[in-house]
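1. Need coordinates for the following:
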Amino acid sequence: MTLLTICIPTRNRQRYAMDAVRHMLASERQDFEILLGDNSDDASVLADFAAQMNDSRLRLLAPESKPLSMRSNWERMPPHASGEWVSFMGDDDYIDPELCEALRVTSKRVPKVDAFSWGRSHFVWPEARTHREFTSLPTGSHLAHLTKEDLMRKMFFWEDAKDRPKCSFGAYHGALKKDLMERIRDAFSNRYFEHPNVDYDSICKTVMMADLCIYWERPLSVSGACKVSNSMGLRDPDLGKQHLKAFMEENDGELEARDFPFPIGLGITSSVGHTIEWFKQRYGIELNGWEDNFIAACAKDCELQANRAWFDQKKAGYAAAIESWRGTKALKQFNPVYKFRSDVPRFQGHTDAQLHFDMAIGNTQTAAEYYELIDSMLFPVRLLESRLAS
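-> Purely as a prediction, here's the structure:
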């Protein structure tokens, strides 16, 4: 029986996907499968790779007659998934097949669980680093049940948000029961993914439709950023414009919400804001009381900039949008402060259940290698059941 399908949609970034797949297939587990959704211009690269691997746990969806948008490539994958659970990752990311063990144990203890998420870990591929990269890693290992009310506040009211909502329950770097995904499709226009910002589209729908959400503090995957990834565009406005242009050329969905005057390429807060507002408008959801939290997130988006010119540019863009949206009075709530200090050494060590360290530790070269490193530091997945039984 296939417990988990790990979906990897990819377009012209075959070497990243192949590295992740090789490491996943090194696992001895037989209860997972990998579904590669190839949307590349050259179909032979991944076809040859799949033939070479010759592993029944790997299945390939070949490119269609013309390139698909990102959301359409994602959309075609769930019907081919044979797993009881489905998870999506980027081609420069990594997911540990031991996620199956966490799902097995959690389902045994909480049979009604249909959405599962875990701690965040991030990796910038060495090719994309222009300076020392520091990261933080959650070190806790507790399972927690998050109520729908909690998740609604975090997602739609931006409660406790930094530059984006603090809610990770969706198909991307999360796991959803296949049955939940089918219910989502039936409830929302007969599609799994509607908005082009597919990961946050999935979170919106999961929060609305999931029966029981369980979060494990322990990271089970790595969100990677290679030099051509969209996430790298968040760090460099010029690069971000290039990525947005390419994205828009292939996009086949409605990207912007009505009467929400934040430029889609302004930053992650603006982008996620459009996704949530589009979703609410699409399905007639009216909510009040989230606006102040959203403005605070806009300020945080500015403050996370490590370049003063980029900070000033982003601050001016958000200020203009906020004034157009809510008037001059709302600008009194928008007070971002440039905080980056290149002359102050970054903290390294353990505090508040987070391990802070230089990403170059261990000289890992790929997201999969990086996961193997951090996996050795964290609570062993295989001991989860014994811990819960104690």
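2. All the strands of the stretch 151-300 of the chain, in order from the start?
-> Using DSSP state E, counting those that start in this stretch, the strands of the stretch 151-300 of the chain run over 174-177, 213-216, 221-225.
3. Name the stretch among the ones you listed that sits most buried.
-> strand 174-177 (a mean of 28; mean count of other CB atoms under 10 Å). Quick note: C-beta positions are derived from backbone N, CA and C, even for glycine.
4. looking only at pLDDT, what's the mean for that one?
-> Mean per-residue pLDDT for strand 174-177: 98.
5. that older thread, let me have the strands of the stretch 151-300 of the chain in a markdown table, adding distance to Glu84 as columns.
-> Compiled in a markdown table, these are given as follows (distance: least, CB to CB, whole Å):
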| stretch | distance to Glu84 |
| --- | --- |
| strand 174-177 | 7 |
| strand 213-216 | 15 |
| strand 221-225 | 18 |
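6. Asp114 is nearest to which of the ones you listed?
-> strand 174-177 (4.0 Å; CB to CB).
7. re earlier: out of the strands of the stretch 151-300 of the chain, which is closest to Trp118?
-> strand 213-216 (4.7 Å).
8. which residues sit against that closest one?
-> For strand 213-216, contacts defined as CB atoms under 8 Å, 6 or more residues apart in numbering pick out 102, 106, 110, 113-119, 141-146, 148, 151, 168-169, 206, 384.
9. now stretch 324-335
-> So stretch 324-335 is in contact with 260-262, 291-292, 295-296, 298-299, 318-319, 322-323, going by CB under 8 Å, 6+ apart.
10. quick one: buried residues of it?
-> 325-326, 330, 334 (16 or more other CB atoms under 10 Å).
11. Read off the pLDDT value for Leu239.
-> According to the prediction, Leu239 has pLDDT 64.
12. sorry, back to before: may I see the contacts of stretch 324-335 organised as a markdown table, with distance to Thr275, pLDDT and neighbour count added?
-> Formatted as a markdown table, the entries for these read as follows, by distance: CB to CB, whole Å; pLDDT from 0 to 100; neighbours: other CB atoms under 10 Å:
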| residue | distance to Thr275 | pLDDT | neighbour count |
| --- | --- | --- | --- |
| Phe260 | 10 | 98 | 17 |
| Pro261 | 16 | 97 | 14 |
| Phe262 | 11 | 97 | 24 |
| Glu291 | 16 | 97 | 16 |
| Asp292 | 20 | 97 | 13 |
| Ile295 | 17 | 98 | 22 |
| Ala296 | 18 | 98 | 19 |
| Cys298 | 15 | 98 | 27 |
| Ala299 | 20 | 98 | 20 |
| Tyr318 | 17 | 98 | 25 |
| Ala319 | 22 | 98 | 17 |
| Ile322 | 18 | 98 | 22 |
| Glu323 | 22 | 97 | 15 |
